[in-house]
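Asker: quick one, structure for this:
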Amino acid sequence: MLGLGIDVFRYGGVGGTPFEVTNSLIFTAASSQYGLQTFGTPTDATKWTLSTWLKIDSTGASKMIFTAGENTGSYDYIMVNATGAILVYDGFGGGTRGYVYTGNVVTSTDTWYHLCVKFDGSAASSSRVVVYLDGVAQSLTVSTAWPSGGGYINTAFPHGLGVRYRPPSTYDGYHNGHLCETFFVDGQSLTPSSFYDSGSPIAYTGTFGNNGFYLNYKDGTSTTTLGYDVSGNDNHWTLSNMTTANQSTDVPA
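Answerer: This is a model prediction of the structure:
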């Protein structure tokens, strides 16, 4: 506690209220663990922000963070690939419309990283996607084309957390590691300063939009409560192949 000279408090949450960030969620690829939610009508499908802390438990395999799709040939995803690059991918109709990727920036199994991806489909292609790691905008390489303004993330299709889900029954690319303080904001393209400061989580004080959510993984009563959205939107996630033992006290400093 603070009175003992050891600051164990992490600051995060909604509405500027500080509280202790105590929990993350463990995803184990070998056990095919993931979360699913089907989004509703977005506030603005062309603008969104994903913010999460992540810690990988292995190297050498792709690790999905966030996905959305219609079928096996039409899906989008954000992932860390086998070499540690972060990819933002846009696929449609069985082909690749385009994707961007960073350098090999997520390579340590001992490090918590803060990832923020902001998207603005109405912007010029070169600024449509910005990927930040630990508050720093990453240099992006473009493959085929920049992701389009009409993808699947933040539309009324199934979304996956820690998995690439391609309806109706294809699951792969499972995340292997921890996620902590996971936010999605519908209708706004935000920078990391809304969630992150000087290497630590901070309170998000903005609005969420219709599909927005905030997962703090704090209620370990059951696997149902571990997937609760605490933004006030009740956009809860269904966790699969997990138990309450997937709740962890390993959190970013």
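Asker: going by C-alpha atoms from here, please, whenever you check contacts or count neighbours.
Answerer: Fine.
Asker: contact partners for P147?
Answerer: 88-90, 97-100, 125, 128-129 (C-alpha atoms under 8 Å, 6 or more residues apart in numbering).
Asker: so which of those wins on neighbours?
Answerer: When neighbours are counted by other C-alpha atoms under 10 Å, D90 leads the contacts of P147 with 27 neighbours.
Asker: low-confidence ranges in this structure?
Answerer: In the predicted model, the chain carries pLDDT under 70 at residues 1-19, 72-73, 92-96, 149-150.
Asker: mind doing that once more with 80?
Answerer: Residues of the chain that meet the criterion pLDDT under 80 lie in 1-20, 71-73, 91-98, 144-150, 167, 253.
Asker: show me the helices in it, by range?
Answerer: For the chain, the helices defined by DSSP state H cover 223-226.
Asker: quick one, strands of the stretch 1-150 of the chain?
Answerer: 13-14, 24-27, 34-38, 47-56, 63-71, 74-80, 85-92, 95-104, 113-120, 129-133, 136-137, 141-143 (DSSP state E, counting those that start in this stretch).
Asker: most packed of the ones you listed?
Answerer: Highest mean neighbour count among the strands of the stretch 1-150 of the chain (mean count of other C-alpha atoms under 10 Å): strand 24-27, with a mean of 27.
Asker: dump the strands of the stretch 1-150 of the chain to TSV, plus distance to H159.
Answerer: Converted to TSV, these look like this (distance: least, C-alpha to C-alpha, whole Å):
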stretch	distance to H159
strand 13-14	23
strand 24-27	16
strand 34-38	5
strand 47-56	13
strand 63-71	4
strand 74-80	9
strand 85-92	14
strand 95-104	18
strand 113-120	16
strand 129-133	19
strand 136-137	25
strand 141-143	23
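Asker: out of those, which comes closest to I153?
Answerer: Nearest to I153, of all the strands of the stretch 1-150 of the chain, is strand 63-71, at 5.3 Å by C-alpha to C-alpha.
Asker: each with direction, which strands does the closest one pair with?
Answerer: Next to strand 63-71 in the sheet, as set by DSSP bridges, lie strand 74-80 (antiparallel), strand 158-161 (antiparallel).
Asker: got JSON lines for those strands, with distance to G232 too?
Answerer: Below are the strands paired with strand 63-71 laid out as JSON lines (distance: least, C-alpha to C-alpha, whole Å):
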{"stretch": "strand 74-80", "distance to G232": "25"}
{"stretch": "strand 158-161", "distance to G232": "19"}
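Asker: how near is L215 to G227?
Answerer: 7 Å (C-alpha to C-alpha, to the nearest Å).
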